[in-house]
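Trainee: When you get a sec, could you give me coordinates for this:
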Amino acid sequence: MSYTVPKLEDFSPSALDAAARDLKSALQSESAAISSEADWKVLRDRWMARKNGVLTLLNDQWLKAAPGPAKREVGQRVNEVKKVVEEQIDAALVRVSSAVSASRLEQERVDVTLPGDRRNLGIEHPLIRTMNEIVDVFKRMGYSVAEGPEVETDYYNFESLNFPPNHPARDTQDTLVIKGQQGKPLRERLLMRTHTSPVQIRAMEKQQPPIRIVVPGKVHRADTADATHSPIFHQVEGLAVDTNITFCDLKGTLDQAAKAMFGSSVKTRFYPSFFPFTEPSADMQISCFKCGGSGRLNGERCGMCKASGWIEILGSGMVDPNVYGFVDYDPKKYSGFAFGMGVERIAILKYGVDDIQLFYQGDVRFLRQFA
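Mentor: Okay, here's the model as predicted:
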């Protein structure tokens, strides 16, 4: 039964001693009965609450009720009791907390003799792995890595790369344009970059030749997602500008890169193409590394190269002199080449994937194949 503060009629020392003994005994019994921190809070509030706690009632029913000559003696006894109550309450908290901690430690105890849990290690996504492999090939040739924003202005994405105002690539059917740009001048309108070529312009603005950079990154186009297209994909582009750079340097660089990526036995060939920012321009093909360039595999038509013996992997060309005018390069002094390839296309060729969407779906069963 909980302790109740008695009203004293007798305030003699012996009566006060007896009342104090009863209080201390009750306190000890109640504190010994608690087994949790919640029980301790109830005990603390019952004995030490300011409004109706036991210690408050002692003041009201003992000290205030004591006659004048006895107040000093009663006050001393009340102070002694308060000290005992505070010490008992603190001790009860220590005891309960220690018990709870010991219980938690027991629950969390680790049996070091049990076998450990093996954690599955993550791997690079096949697209990131492919992109890093491409970048590493050119880094070994002395190229540095450059990066830039995915949200670009029309100036950097088109104008400074020699795209005329009426070029089809500027059409909103091909380009993802940021909403609310109609009131701005054309060159200041924001869009999602359609290639990583704007980084080449930004790099040339910051430094004079010689410059050799490779630019990996994500690009965006208004394509419908299917087995061979995605509105978001990845590119790696490169740029080299210096004195006396020729088309032979372009061919030699890309031939070496192709052999590093697909094997030393592959051959390369170039055929004319068109890009607004290069002149002349060329697409590069490599001999099929699956059928050895024969177009036949095990007596049947090679599906990798569609029996042609050749696979197109990138576009390239000599930097158009008009581009130098946007970055204050002297076209009579400097020349250079640029190239670009789709990371997804390279990954599809390397790993034999038949649907580009598999790279984006996050299917662990698919990704585990690249561990």
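Trainee: Can you pull the domain assignment for the protein?
Mentor: Per automatic domain parsing, the domain ranges recorded for the chain read 13-106, 126-147+204-370.
Trainee: which of those has the lowest average pLDDT?
Mentor: The minimum mean pLDDT among the domains of the chain belongs to domain 13-106 (a mean of 79).
Trainee: ranking the domains of the chain by burial, who's on top?
Mentor: Each of those was scored by mean neighbour count; the highest is domain 126-147+204-370, a mean of 17, by mean count of other Cβ atoms under 10 Å. Yep, even glycine has a C-beta here, placed from its N, CA and C like the rest.
Trainee: can you redo the domains of the chain as JSON lines with distance to residue 193?
Mentor: Below are these laid out as JSON lines (distance: least, Cβ to Cβ, whole Å):
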{"stretch": "domain 13-106", "distance to residue 193": "54"}
{"stretch": "domain 126-147+204-370", "distance to residue 193": "6"}
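Trainee: And these: which comes nearest residue 187?
Mentor: domain 126-147+204-370 (11.0 Å; Cβ to Cβ).
Trainee: Phi first, then psi, for residue 77.
Mentor: phi -60, psi -40 (degrees, to the nearest 10).
Trainee: For residue 304, see how far away residue 238 is.
Mentor: Distance of residue 238 to residue 304, computed by Cβ to Cβ, to the nearest Å: 25 Å.
Trainee: contacting residues around residue 30?
Mentor: 2, 3, 43, 46 (Cβ atoms under 8 Å, 6 or more residues apart in numbering).
Trainee: what helix or strand is it on?
Mentor: Using DSSP states H and E, residue 30 sits in helix 13-33.
Trainee: mind checking how far that helix is from the chain centre?
Mentor: Computed by Cα atoms, centre = their mean, to the nearest Å, the separation of helix 13-33 from the middle of its chain amounts to 63 Å.
Trainee: Surely residue 284 is in a strand?
Mentor: Yes: under DSSP: H, G, I helix; E, B strand; the rest coil, residue 284 falls within a strand.
Trainee: can you give me the strands for the stretch 201-350 of the chain?
Mentor: 211-220, 232-242, 268-275, 278-287, 296-297, 300-301, 310-319, 335-342 (DSSP state E, counting those that start in this stretch).
Trainee: Redo those as JSON lines? Include distance to residue 358.
Mentor: Converted to JSON lines, the strands of the stretch 201-350 of the chain look like this (distance: least, Cβ to Cβ, whole Å):
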{"stretch": "strand 211-220", "distance to residue 358": "18"}
{"stretch": "strand 232-242", "distance to residue 358": "13"}
{"stretch": "strand 268-275", "distance to residue 358": "28"}
{"stretch": "strand 278-287", "distance to residue 358": "23"}
{"stretch": "strand 296-297", "distance to residue 358": "23"}
{"stretch": "strand 300-301", "distance to residue 358": "24"}
{"stretch": "strand 310-319", "distance to residue 358": "20"}
{"stretch": "strand 335-342", "distance to residue 358": "15"}
